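[1] Here you go, sequence then predicted model.
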Amino acid sequence: MGKGSNVQKAAQARERNAKDKSKTPEERAAALAKAKKDAEAFICKVCKQAFMVNARPPVLYQHVTAKHPAGIDPASCFDVLKDFDPNDPKGEKKAAEDASKAAAMKKSAVKKSDDLSMLLDAGLKAPKKKA
């Protein structure tokens, strides 16, 4: 009849597909290196505690305040905390401040162009051509 049962055919198909989809040793080594790097993305410079890559600045700041003596600079533990404001952990105040500065700059740019057009309208007129 046939060349084997359906179970045998399915097993052979799985083996053929597994050979095509398996990772090479280089790919496995690269994936392992990336996993190790991500696992220790943030390391406290004082106590050497490791934090995952998805740790946000508020978590890192909490580590500094809870585990280290008061008065220690958070930037001395983590470089990411250099500009971190504990009163604005999500950065919303800074974003609003930057937006207001951008709006002010935009207004001044519009005002300058209005002044230029007014000067041109008032003082410059094309000379009449003589025939």
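    Everything's here; your move. Numbers count the residues shown, from 1 in each chain.
[2] Just give the nearest non-adjacent residue to Ala31, would you?
    Excluding the flanking residues, the one nearest Ala31 by CB to CB, 6 or more residues apart in numbering is Lys23, at 7.3 Å. For glycine as for every other residue, the C-beta is placed from the backbone atoms N, C-alpha and C.
[3] all helices for this structure, in order.
    Ranges of helices in the chain, per DSSP state H, are 6-21, 25-39, 57-67, 74-77, 92-123.
[4] Of those, which stretch is the most buried?
    When you average the neighbours per residue for each of the helices of the chain (mean count of other CB atoms under 10 Å), helix 74-77 leads with a mean of 17.
[5] quick one: contacts of it?
    Contact with helix 74-77 is made by 44-46, 60-61, 63-64, 68, 81-82, 84, as judged by CB atoms under 8 Å, 6 or more residues apart in numbering.
[6] ok, these vs Asn6, which is closest?
    Nearest to Asn6 out of the contacts of helix 74-77 is Leu60 (CB to CB; 56.4 Å).
[7] Quickly note the distance from the closest residue to Lys82 other than its chain neighbours to Gln12.
    Excluding its sequence neighbours, the residue lying closest to Lys82 (CB to CB, 6+ apart) is Ala75, at 4.5 Å. Ala75 is 60 Å from Gln12, where distance means CB to CB, to the nearest Å.
[8] Repeat that for Asn6.
    According to CB to CB, Asn6 and Gln12 sit 11 Å apart.
[9] ditto for Leu81
    Leu81 sits 57 Å away from Gln12, going by CB to CB.
[10] could you list every residue that touches the nearest residue to Phe84 once chain neighbours are set aside?
    Excluding its sequence neighbours, the residue lying closest to Phe84 (CB to CB, 6+ apart) is Pro57, at 4.8 Å. By CB under 8 Å, 6+ apart, the contact list for Pro57 reads 78, 80-81, 84, 89.
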